[in-house]
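A.B. asks: only the shape, not the letters, is given here:
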């Protein structure tokens, strides 16, 4: 086993920062030491196999993106990133763990869906990975399988109030699943939008000739997100089950979560970088010489980007500061503009839903530190520590302490990152969702379980290094 010393950096945690050296033995952190300490010898660097100079830089736990969709089948095609390409791109951006979604659709078996995702990911990932389970059909067999998921290290599952005929479940089905979840230590994750009502609005828009990507956002109005968020909170309350609302985009939906939390309920929420930085008019409404009004197809996701004039984006930042929202994940699910998004030319309803962000989340959230939206410690909490706690990995992931996996990022606050397809883009699709964004910071070194994946702007990882993580029960419950 090799010895690595990260020397001279500022170790940043969710609760503070300190000048400290980090000693790694093989795959594990074994000591966090005062730089002047002689506890383990007078010249520790001389005994290490590798020394990483982190002077003037931050040393943080590796990022955890708890909401990705590699190879997801959607809208007649598949998400462009495979587990190999997506996890490699994640490593470039300082993310050392993902939690992806295994899929069971109506009529299928949960066990088969989970087995399929294991087969797709095994031996392909550059970083560690876990699974949530999508439950698309509720019957006696699927409820029995749901109850057994914790034995497989899958302690969270996702259901939908959107996408009728594909993933959507009715209120009765949601309640039955939540009751099983509450009894078996599972965290319920919900995509909260009123799918049937959205479909009515979308049909009316298309009938009126309003077919451009911009109208994707006009169909999925914020009232549909607020209503569904309130509804699933009430169902979870009846079932006595903890609830986690994914990709919150509307300030009214965030307010529903905040109100439930003020009453002491185990209700949590995440948002995504696109809901912090992007808008309906600027992005879904974008035009270009190449694509015309179809340029906005690059930014089709659900829930949609919101109107900046309504200040949803400001409210998302505020909710992160006040802990009304606890996490920032990506909902990474990219599609190529050519061949894939073009399926929806002339009808926004047929554009596959998803954007690509897994490579940029750590940097995008650090920019929030630079602009004063969040503190340095809150940055670490949002991108790493809380995801580890929320999804049963904390202690091994999400922290720099003895006994933890040596998932470590050395981050240079004096560096710079220019995001663009021809600049910083290792994801497997034909454009950058974040073209032109400038970051006042840089991911310098990335280690996954002690192995250097990124150093000197070069990739040193390989597929198959990543291991499946059997997760425990959420460590974030009240």
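C.D. replies: Yep, it's here. Keep in mind it's a predicted model, so treat the numbers as computed, not measured.

A.B. asks: tally of neighbours for residue 436?
C.D. replies: When neighbours are defined as other Cβ atoms under 10 Å, residue 436 has 9 of them. For the C-beta atoms, the positions are set from N, CA and C on the backbone; glycine is no exception.

A.B. asks: would you confirm that it contacts residue 421?
C.D. replies: No. Here residue 436 lies out of contact with residue 421, judged by Cβ atoms under 8 Å, at a distance of 10.1 Å.

A.B. asks: buried set for the lengthiest helix in the chain?
C.D. replies: Ranked by residue count and defined by DSSP state H, the top helix of the chain is helix 222-239. Within helix 222-239, the residues scored as buried using 16 or more other Cβ atoms under 10 Å are 222, 224-233, 235-237, 239.

A.B. asks: low-confidence stretches in the stretch 351-478 of the chain?
C.D. replies: Within the stretch 351-478 of the chain, the set of residues satisfying pLDDT under 70 is empty.

A.B. asks: next: the chain.
C.D. replies: By pLDDT under 70, the chain has no low-scoring segment.

A.B. asks: which stretches in it count as helices?
C.D. replies: Taking DSSP H as the criterion, the chain carries its helices at 44-47, 83-92, 110-121, 140-148, 171-184, 195-207, 214-219, 222-239, 251-262, 273-277, 312-322, 361-370, 376-380, 386-390.

A.B. asks: now render these as a markdown table, adding distance to residue 335.
C.D. replies: Below are the helices of the chain laid out as a markdown table (distance: least, Cβ to Cβ, whole Å):
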| stretch | distance to residue 335 |
| --- | --- |
| helix 44-47 | 47 |
| helix 83-92 | 13 |
| helix 110-121 | 18 |
| helix 140-148 | 29 |
| helix 171-184 | 28 |
| helix 195-207 | 19 |
| helix 214-219 | 13 |
| helix 222-239 | 22 |
| helix 251-262 | 25 |
| helix 273-277 | 14 |
| helix 312-322 | 24 |
| helix 361-370 | 18 |
| helix 376-380 | 29 |
| helix 386-390 | 25 |
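
A.B. asks: between the ones you listed, which gets nearest to residue 69?
C.D. replies: helix 83-92 (9.0 Å; Cβ to Cβ).

A.B. asks: the closest one to helix 110-121, inter-axis angle?
C.D. replies: Angle of helix 83-92 versus helix 110-121, following axes from the mean of the first three to the mean of the last three Cα atoms, to 10 degrees, is 70 degrees.

A.B. asks: now stretch 425-437, how far from the centre of its chain.
C.D. replies: 17 Å (Cα atoms, centre = their mean, to the nearest Å).

A.B. asks: just the terminal-to-terminal distance for it.
C.D. replies: Terminal residues of stretch 425-437 lie 12 Å apart, using Cα to Cα, to the nearest Å.

A.B. asks: please apply the same query to stretch 215-224.
C.D. replies: 15 Å.

A.B. asks: check stretch 322-342 too.
C.D. replies: Start-to-end span of stretch 322-342 (Cα to Cα) is 40 Å.

A.B. asks: go on, stretch 25-44?
C.D. replies: By Cα to Cα, the extent of stretch 25-44 from end to end equals 13 Å.

A.B. asks: and if you look at stretch 396-415?
C.D. replies: End-to-end distance (Cα to Cα), stretch 396-415: 29 Å.

A.B. asks: related to what we said a few turns ago, please name whichever of the helices of the chain is nearest to residue 475.
C.D. replies: Nearest of those (Cβ to Cβ): helix 386-390, 4.4 Å.

A.B. asks: contacts for the closest one, please.
C.D. replies: Residues from elsewhere that reach helix 386-390 (Cβ atoms under 8 Å, 6 or more residues apart in numbering): 14, 61, 64-66, 97, 99, 187, 244, 268, 326-327, 329, 393-399, 474-476.

A.B. asks: of those, buried ones?
C.D. replies: Neighbour counting over the contacts of helix 386-390 (16+ other Cβ under 10 Å) leaves 14, 61, 64-66, 97, 99, 187, 244, 268, 326-327, 329, 393-394, 396-399, 474-476 as the buried ones.

A.B. asks: looking at those, which are in strands?
C.D. replies: Under the assignment DSSP state E, those contribute 61, 64, 65, 66, 97, 99, 187, 244, 268, 327 to strands.

A.B. asks: what bridges to the second one?
C.D. replies: Each beta-bridge partner of residue 64 is listed here, defined by DSSP bridges: residue 97.

A.B. asks: still on that earlier bit, would you mind putting the ones in strands among the buried ones among the contacts of helix 386-390 into JSON lines with distance to residue 313 alongside?
C.D. replies: Converted to JSON lines, those look like this (distance: Cβ to Cβ, whole Å):
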{"residue": "61", "distance to residue 313": "27"}
{"residue": "64", "distance to residue 313": "23"}
{"residue": "65", "distance to residue 313": "20"}
{"residue": "66", "distance to residue 313": "21"}
{"residue": "97", "distance to residue 313": "27"}
{"residue": "99", "distance to residue 313": "25"}
{"residue": "187", "distance to residue 313": "27"}
{"residue": "244", "distance to residue 313": "21"}
{"residue": "268", "distance to residue 313": "20"}
{"residue": "327", "distance to residue 313": "17"}
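
A.B. asks: of these, closest to residue 280?
C.D. replies: Using Cβ to Cβ, those come closest to residue 280 at residue 327, 23.3 Å.
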